[in-house]
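In: Sequence isn't available, so here's the structure alone:
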DNA sequence: TCGACATATCCCCATATGGGTATATAGTTT
DNA sequence: AAACTATATACCCATATGGGGATATGTCGA
């Protein structure tokens, strides 16, 4: 098996920095493709491809406006990511994360005391 | 260019579900590789490869303990992900996200009234 | 020293990627 | 209808992937 498709879920879709940029721009409001092309400095087909990925995972929605296609953000699929990372927030918030390692090293330093006689 | 390497950053490393599982397990405390192999039901080389990726982006750290290698979590690199998604939290929290679309649709329904006379 | 265990690395493969360029599709204006 | 604008798709390519299997490296026990 190769890597999971970018369209598999929000995690994979958002792993690409360009797609995050697109979402960041759309967070400021609806935009036609050409705006994104200009703002990103990318080739138009590239932008369309990124938008397709984002559409497939539901992170953006489109609306036809004349000959333009207005893309807008739908952050909902990002909730799964948020829910997951949220649980790790303490990892960089607390200072106790190293505790178990410190304990292990202490135990090691104690030498052959295999009994945790406490 | 192909897709960015999985070792590029936390975003790419964590896009793989197996690697998230590994982190989830390690969140419960240090573990030797074999524990992970058993818990994940994956082939041992596979687990070692995933651990390598996680190590390269700094999400796990290793410690030699006899013939075992104890892996432990370092959630810090996840902060960048958290910081990014955090800004989208309102997207699924609020109900106003559709506002601009609703407005656009109203405008459309109004017909050719190009002046926003309000 | 030899065998058993624990882990990492090597090589092989099918696959989807992101970028490029060219072209198709669709709407608008004249 | 023809010219023009806006967007999507098709095709080509180099690359790294995740999984498989075999094997190297390293540690422990007898």
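Out: Perfect, I can see it now. Just so you know, these numbers come straight off a predicted model, no measurement behind them.

In: and chain A, what are its domains?
Out: Domain segmentation of chain A under automatic domain parsing yields A:10-73, A:81-109.

In: and among those domains, the most buried is which?
Out: domain A:10-73 (a mean of 17; mean count of other C-beta atoms under 10 Å in any protein chain shown). In short, each C-beta sits where N, CA and C put it, glycine included.

In: returning to what we had before: any chance of a markdown table for the domains of chain A, columns distance to residue B:19?
Out: Output for the domains of chain A, formatted as a markdown table (distance: least, C-beta to C-beta, whole Å):
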| stretch | distance to residue B:19 |
| --- | --- |
| domain A:10-73 | 10 |
| domain A:81-109 | 12 |
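
In: May I ask you to name the longest helix in chain A?
Out: Looking across chain A with DSSP state H, the single longest helix is helix A:44-56.

In: I'd guess residue A:12 is in a helix, am I close?
Out: Yes: counting by DSSP: H, G, I helix; E, B strand; the rest coil, residue A:12 is found in a helix.

In: residues touching it, list them.
Out: A:4, A:5, A:6, A:57, B:15 (C-beta atoms under 8 Å, 6 or more residues apart in numbering or on different chains).

In: just checking: which of these also lie near DNA strand D?
Out: Contacts with DNA strand D within the contacts of residue A:12, as defined by C-beta under 7 Å from any atom of the strand: residue A:4.

In: JSON lines for the contacts of residue A:12, including pLDDT?
Out: Shown next, in JSON lines, are the contacts of residue A:12 (pLDDT from 0 to 100):
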{"residue": "A:4", "pLDDT": "95"}
{"residue": "A:5", "pLDDT": "96"}
{"residue": "A:6", "pLDDT": "97"}
{"residue": "A:57", "pLDDT": "97"}
{"residue": "B:15", "pLDDT": "97"}
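
In: quick one, helices of chain A?
Out: Under DSSP H, chain A gives helices at A:10-13, A:17-26, A:33-40, A:44-56, A:78-86, A:89-93, A:99-109.

In: Format those as CSV; extra columns: mean pLDDT.
Out: Putting the helices of chain A into CSV (pLDDT from 0 to 100) gives the following:
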stretch, mean pLDDT
helix A:10-13, 98
helix A:17-26, 97
helix A:33-40, 96
helix A:44-56, 97
helix A:78-86, 96
helix A:89-93, 86
helix A:99-109, 52
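
In: Mind putting those into CSV with distance to residue B:36?
Out: Listed next are the helices of chain A as CSV, based on distance: least, C-beta to C-beta, whole Å:
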stretch, distance to residue B:36
helix A:10-13, 20
helix A:17-26, 29
helix A:33-40, 39
helix A:44-56, 31
helix A:78-86, 18
helix A:89-93, 18
helix A:99-109, 16
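
In: now for those, which one comes closest to residue B:78?
Out: helix A:78-86 (5.2 Å; C-beta to C-beta).

In: The closest one and chain B in contact?
Out: Yes: counting by C-beta under 8 Å from any C-beta of the partner chain, chain B is contacted by helix A:78-86 at A:78, A:79, A:81, A:82, A:84, A:85, A:86.

In: other SSEs contacting that helix?
Out: helix A:10-13, helix B:79-86, helix B:90-93 (3 or more C-beta pairs under 8 Å, 6 or more residues apart in numbering or on different chains; DSSP states H and E).

In: 7 Å instead?
Out: helix A:10-13, helix B:79-86 (3 or more C-beta pairs under 7 Å, 6 or more residues apart in numbering or on different chains; DSSP states H and E).
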